[in-house]
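[1] Here is a sequence with its predicted model. Questions after.
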Amino acid sequence: MRKIEKEFRLKLDLLWLLTKKEITLKYKRTFLGIFWSLLNPILLSLVLFIAFKIFLKIQMENYAFFFLSALFPWNWFSASTTMATATLIGNVNLIKKIRFPRHFLILAVVLAQLVNLLFALPIIITLAYFSGKGLGVIWLLGIPILITIQFIVTTGISLLTAMVNAYFRDMEYIIGVAMSMLFWMTPIIYPLEMVPKAYKIYLTLNPLTYLITAWRDIFMFNSINWANIGISFGSALVFFFLGVFVFQRLGRRLDEVI
Amino acid sequence: MSYIVEIEDVWKRFPMMRDKPGFKEFLVNLPKFAKRNSDAYFWALKGISFKVKKGECLGVIGKNGAGKSTLLSLMLGTIFPTKGEIKVSLKVAPLLELGAGFHPDLTGPENILINGVLLGLTRNEVMERMERIISFSEIGEFINMPARTYSSGMYLRLAFSVAIHTDPELLLIDEILAVGDEAFQKKSREALIGLIKRGVTTIFVSHNLAAVQEICDSAIWLDGGEIMAGGDPEKVVENYRKYY
């Protein structure tokens, strides 16, 4: 019993330290340090606000809020996947010389990127207060659920792309292009209703459509759409098991190709 | 007496790393790609078997490229055998390439912490030993600076210090008794021999034949991925000397 307990403690410590390392190294040697995680979304919001309110004059009400409520969750997904893809080949030394659970490297990247989303929440809250329906108790339920679902799907895809990238370095470039395609194929900067009927079907095939819409439902309308959450969760599990399968299968020969 | 390391008929091959054919070559050589040559592998180990008892010190000798380091990596578990079976039933401390988990931008304590945990200690256990690890490494006031500012000797000393303070049950040593300057070499050698004498099971890969004879209880001699001789270190070393 004690042994299992220690084993668990050890795993937890390792994951925590790898995540912390990921965060510390990102801002090491900068003056503002972790404050960049807060400052970045604030500045981004200001820029978008000015662009859409003053220059573009988009007809939609609260467009900046509409955009940001989807952009922050999307950024967590896309930054994690992009960075995780390069993380196995970036840690050759660790992988070859020390035995530890390699998937922790991927988990650490996804967790470290989550911090950025958490730092963006105060901005979302401010925007919700001034231009949305305000905060609801439902946030306390919805946000943790969506974070969990997005964590599962992001980890699944990252496990897959990171391992494939070790064998086939083109993956890094594929992911770069895929992410910008996916950005435009998910209703982030436009509402789903605006898409012509003939093309809507393609967007409904994209699992991220449901996840992003679910985020927006909470942030903008204080509502939880269980259908969207259910579909997101189901597809997240599919990607997760696919990722785990590929990671384990190809992982046995990782040392030969890395 | 139970065995701690059991290695049975282990084979390990690596793909020959010629320049990997890219898309351009693929287009040019399209017809030739149909038949793939299957002998594009290098067998680093060819059917190795041995066992190590608890508390034993096994020396491994052999020329460069004989498969010694591959054998250590297999026991460590960072690579897997192509065929055969390996059982290692203890907490392993690798002294293979020191400082593998160090990051140049992290400070001494940060690096100690993350490496200690990577080597199998909990966070609290590392914190308890922090003082001892730092003082053994003799880095002094530089400890709180980023590791990139260390000299290469300081870097290795700190890495060595972390590795031997992790309560290893099985030590894998790959010719690293020469860490740092002469004084530190002596100190690190004594620390290691102390561990070995205290009954920590050890696999000791070395080109220093005298050291193998002196420290080890048994030895194997590898050549071309096969065991040429095994058993009493005196005899194995003698055979090895005669052979060359």
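    Received it, and whenever you're ready, just let me know what you need.
[2] Show the subsequent helix or strand relative to the least confident helix or strand in chain B by mean pLDDT.
    In chain B, the helix or strand scored least confidently by mean pLDDT, DSSP states H and E is strand B:92-95, which has a mean of 71. Beyond strand B:92-95 on the C-terminal side, the first helix or strand identified by DSSP states H and E is helix B:108-118.
[3] If you count contacts, what does that next one end up packed against?
    helix A:2-27, helix B:123-137, helix B:152-164 (3 or more CB pairs under 8 Å, 6 or more residues apart in numbering or on different chains; DSSP states H and E). In short, each C-beta sits where N, CA and C put it, glycine included.
[4] tell me the mean pLDDT over it?
    Mean pLDDT, computed over helix B:108-118, is 94.
[5] residues contacting the residue of chain B found nearest chain A?
    Nearest residue of chain B to chain A, counting by CB to the nearest CB: B:Ala100, 3.5 Å away. By CB atoms under 8 Å, 6 or more residues apart in numbering or on different chains, the contact list for B:Ala100 reads A:Asn93, A:Leu94, A:Lys96, A:Lys97, A:Ile98.
[6] Kindly report the same for B:Ala229.
    With CB under 8 Å, 6+ apart, B:Ala229 has these contacts: B:Ile220, B:Trp221, B:Lys235, B:Val236, B:Asn239, B:Tyr240.
[7] so it sits in a strand?
    Yes: the assignment for B:Ala229 by DSSP: H, G, I helix; E, B strand; the rest coil puts it in a strand.
[8] per-residue pLDDT, it?
    90.
[9] now B:Lys46
    B:Lys46 is given a pLDDT of 93.
[10] To which secondary structure element is it assigned?
    Using DSSP H and E, B:Lys46 falls in strand B:41-53.
[11] Now do that strand: which elements does it pack against?
    Using 3+ CB pairs under 8 Å, 6+ apart: strand B:41-53 touches strand B:3-15, helix B:68-76, strand B:201-205, strand B:226-231.
[12] Around chain B, which positions in the stretch 151-258 of chain A sit nearby?
    A:Arg252, A:Arg253, A:Asp255, A:Glu256, A:Val257 (CB under 8 Å from any CB of the partner chain).
[13] what's the most distant pair in the residues you listed?
    The span of these, defined through CB to CB, is set by A:Arg252 and A:Val257 at 10.9 Å.
[14] Of those two, which one has the most company?
    A:Val257 (16 against 11; other CB atoms under 10 Å in any protein chain shown).
[15] Quick check, A:Ala79 in contact with A:Asn116.
    Yes: under the criterion of CB atoms under 8 Å, A:Ala79 makes contact with A:Asn116 at 7.2 Å.
[16] contacting residues around B:Lys51?
    Applying CB under 8 Å, 6+ apart, the residues near B:Lys51 are B:Tyr3, B:Val5, B:Glu6, B:Ile7.
[17] one more time with 10 Å, if that's ok
    By CB atoms under 10 Å, 6 or more residues apart in numbering or on different chains, the residues touching B:Lys51 are B:Ser2, B:Tyr3, B:Ile4, B:Val5, B:Glu6, B:Ile7, B:Glu8, B:Leu58, B:Lys87.
[18] repeat for A:Asn40
    Under the contact definition (CB under 10 Å, 6+ apart), the residues listed for A:Asn40 are A:Asn75, A:Asn116, A:Phe119, A:Ala120.
[19] quick one on the thing from earlier: dump the helices and strands packed on strand B:41-53 into TSV; add distance to A:Asn206 as well.
    What follows is the helices and strands packed on strand B:41-53, written out as TSV (distance: least, CB to CB, whole Å):
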stretch	distance to A:Asn206
strand B:3-15	37
helix B:68-76	43
strand B:201-205	53
strand B:226-231	56
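[20] Which of the ones you listed has the highest mean neighbour count?
    strand B:201-205 (a mean of 24; mean count of other CB atoms under 10 Å in any protein chain shown).
[21] How about chain A: which residue is closest to chain B?
    Closest point on chain A to chain B, by CB to the nearest CB, is A:Lys97, at 3.5 Å.
[22] how many other residues sit next to that residue?
    Number of residues near A:Lys97 (other CB under 10 Å) recorded here: 18.
[23] List the buried residues for stretch B:116-129?
    B:Gly116, B:Val117, B:Leu118, B:Leu119, B:Gly120, B:Leu121, B:Thr122, B:Arg123, B:Glu125, B:Val126, B:Arg129 (16 or more other CB atoms under 10 Å in any protein chain shown).
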